[in-house]
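Undergrad: Here is a sequence with its predicted model. Questions after.
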Amino acid sequence: MHEIYAFLMAIAVILIAAKLFGEIAVRFGQSAIVGELLAGVIIGPSVFGFVSETHVLSSIAELGAIILLFEVGLSSDIKEFAKAGGWAAAVAFVGVFLPYISGYYVFLYFGFSTTQAIFAGAVLTATSVGITARVFMDLKRIETQEAKIVLGAAVIDDVIGLVILAVVLKLVSGGTVTAGTIAHVSGMAVLFLILSVGAGLLIAPTLFRFISKMKQEQVIFVMAVAFCLIISALASKVGLAPIVGAFAAGLVLSSTNYKAEIRNGVKPLYVFFVPVFFVLMGTQVDLSVFNPFIESNRMILLLTAILFIVAFIGKAVAGFVVLKKGINKLLVGVSMVPRGEVGLIFAGIGLKNGVFGSDDYSALVAVIMLTTFVTPFILKYLISKDMEKN
């Protein structure tokens, strides 16, 4: 009885804190994600200790990550992805390569293991285009060439990031760091995405036309979620992260005539499960490691500062590979800076698999929060200056 009481109270506290701090973040012009992370820090062991991770809460949070990537896939346009221009691909590849290499060598320089360095580099490759897209939409610039390049690059970035995640997960599960291992796991990840999306595109339209004839309420939404869970389970079965399957499932269903209905049905799940994921990620942050008056903490503070610099510059520079005239290259690059939810998923998986300790995990989460926090301000300034010129 006590376990049920503790579980129900923990969920209630998480949801209330997520909405309160999320509201504060939104009112200050930030993504609700920032508020949810801060909520986790405040109610977690680092401050008040109201909530700490349990196996059940961890499972709910993992389901939240799956729902999140399913929504990302649903929000993508597979046709736009297929015809994403060469500039978008170039921005994506440079925006993955530079942060990865930078994060890898920074971690090695600070004395971390090769596996930790590989995983840290992977965390820094992620891009959260949702935050950038919101800024473009608010300023009515979503139809600009810069916005189209960024959105195309972000989709490619997601796929590359998921492949990298598959590789590093294989490494932390006991594999060795060799070119052959990386090629094998990368091939498996790409093959899984191609086969699952390809087979899904062939099967899903017919399957969901049949399902639409069923008389029960919300049947299309329920079957869509079941489809997502099956593909996620299959991804896990072949040694990939379940979120790879969730993204593939969303991408497949985004091309059906039922996309809008599925997205509307997913919204209640999203607003319940996803904040649990972010808040629980926040509870893992140890604020004590950022106390500058403790000498042993200064290395972590320095690590955080350097990681933030390379994380920002690595993405910002990517915009300058666009040689097309009339494109604001700095705007394109800065738009790729926010790490947001995808970076947190990567960091959380690293923590869960014992790659990161609380110190280095806290540094990575701080970097993710900083990139998420500062980018909207810079983007609004750059877009406003661009609009003044025109």
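TA: On my side now, so go ahead.

Undergrad: looking at it, residue 288 is touching residue 46, isn't it?
TA: Yes: assessed by CB atoms under 8 Å, residue 288 is found in contact with residue 46 at 6.9 Å. Where you see a C-beta, it was placed from the backbone N, CA and C, and this is true even at glycine.

Undergrad: which of those two has more neighbours?
TA: residue 46 (20 against 12; other CB atoms under 10 Å).

Undergrad: how much space between the more buried one and residue 291?
TA: 11 Å (CB to CB, to the nearest Å).

Undergrad: before we move on, what about residue 69?
TA: 35 Å.

Undergrad: Name the residue in the two with the higher neighbour count.
TA: In this view residue 69 and residue 291 are compared by other CB under 10 Å, and residue 69 has more residues nearby, 28 against 12.

Undergrad: so how far is the helix or strand hosting the more buried one off the chain centroid?
TA: Per DSSP states H and E, residue 69 falls inside helix 55-75. For helix 55-75, the separation from the chain centroid amounts to 11 Å (computed by CA atoms, centre = their mean, to the nearest Å).

Undergrad: and that helix, what does it pack onto?
TA: The contact analysis (3 or more CB pairs under 8 Å, 6 or more residues apart in numbering; DSSP states H and E) places helix 55-75 against helix 2-27, helix 219-237, helix 242-253, helix 259-283, helix 340-352.

Undergrad: worst average pLDDT in the ones you listed?
TA: Sorting those by mean pLDDT places helix 340-352 lowest, at a mean of 79.

Undergrad: before we move on, the earlier item: out of the helices and strands packed on helix 55-75, which one sits most buried?
TA: helix 242-253 (a mean of 28; mean count of other CB atoms under 10 Å).

Undergrad: which helices and strands does that helix pack with?
TA: Right, helix 242-253 is packed against helix 55-75, helix 78-82, helix 145-172, helix 179-211, helix 219-237 by 3+ CB pairs under 8 Å, 6+ apart.

Undergrad: Distance check, the most centrally placed residue in the chain against residue 227.
TA: Centroid-nearest residue in the chain: residue 342, 1.0 Å away (criterion: CA atoms, centre = their mean). For residue 342, the distance to residue 227 equals 22 Å [CB to CB].

Undergrad: Residue 102 and residue 40: what is the separation?
TA: Taking CB to CB, one finds residue 102 at 27 Å from residue 40.

Undergrad: Can you get me a residue count around the residue nearest to residue 352 when sequence neighbours are not counted?
TA: Counting by CB to CB, 6 or more residues apart in numbering, the nearest residue to residue 352 once its immediate chain neighbours are dropped is residue 58, at 7.5 Å. When neighbours are counted by other CB under 10 Å, residue 58 registers 15.

Undergrad: Distance of residue 58 relative to residue 351?
TA: Counting by CB to CB - residue 58 and residue 351 are separated by 11 Å.

Undergrad: Next: residue 50.
TA: 20 Å.

Undergrad: what about residue 170, how many residues close to it?
TA: Neighbours of residue 170 using other CB under 10 Å come to 20.

Undergrad: closest to residue 363 out of the helices and strands packed on helix 55-75?
TA: Between residue 363 and these, the tightest spacing by CB to CB is seen for helix 340-352, at 9.7 Å.

Undergrad: roughly how far out does the closest one sit from the chain middle?
TA: 7 Å.

Undergrad: contacting residues around it?
TA: For helix 340-352, the surrounding residues in contact (CB atoms under 8 Å, 6 or more residues apart in numbering) are 31, 33, 37, 58, 61, 65, 68-69, 119-120, 122-124, 126-128, 130-131, 158, 161, 165, 168-169, 172, 241, 243, 274, 277-278, 281, 284, 356, 361, 364-365, 368, 371-372.

Undergrad: hey, C-alpha coordinates of the helix holding residue 69 in PDB?
TA: Output of helix 55-75 as PDB, limited to C-alpha atoms (Å, rounded to 0.1, in the frame of the first residue of the first chain):
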ATOM      1  CA  HIS A  55      12.100   1.500 -11.800                       C
ATOM      2  CA  VAL A  56       8.500   2.300 -12.400                       C
ATOM      3  CA  LEU A  57       9.100   6.000 -12.900                       C
ATOM      4  CA  SER A  58      12.000   5.200 -15.200                       C
ATOM      5  CA  SER A  59       9.800   2.900 -17.300                       C
ATOM      6  CA  ILE A  60       7.200   5.700 -17.600                       C
ATOM      7  CA  ALA A  61       9.900   8.200 -18.600                       C
ATOM      8  CA  GLU A  62      11.200   5.800 -21.200                       C
ATOM      9  CA  LEU A  63       7.700   5.500 -22.600                       C
ATOM     10  CA  GLY A  64       7.600   9.300 -22.700                       C
ATOM     11  CA  ALA A  65      10.800   9.300 -24.800                       C
ATOM     12  CA  ILE A  66       9.200   6.900 -27.200                       C
ATOM     13  CA  ILE A  67       6.000   9.100 -27.500                       C
ATOM     14  CA  LEU A  68       8.300  12.100 -28.000                       C
ATOM     15  CA  LEU A  69      10.200  10.500 -30.900                       C
ATOM     16  CA  PHE A  70       6.900   9.200 -32.400                       C
ATOM     17  CA  GLU A  71       5.600  12.700 -32.400                       C
ATOM     18  CA  VAL A  72       8.800  14.000 -34.000                       C
ATOM     19  CA  GLY A  73       8.400  11.400 -36.800                       C
ATOM     20  CA  LEU A  74       4.700  12.300 -37.200                       C
ATOM     21  CA  SER A  75       5.600  16.000 -37.500                       C
END
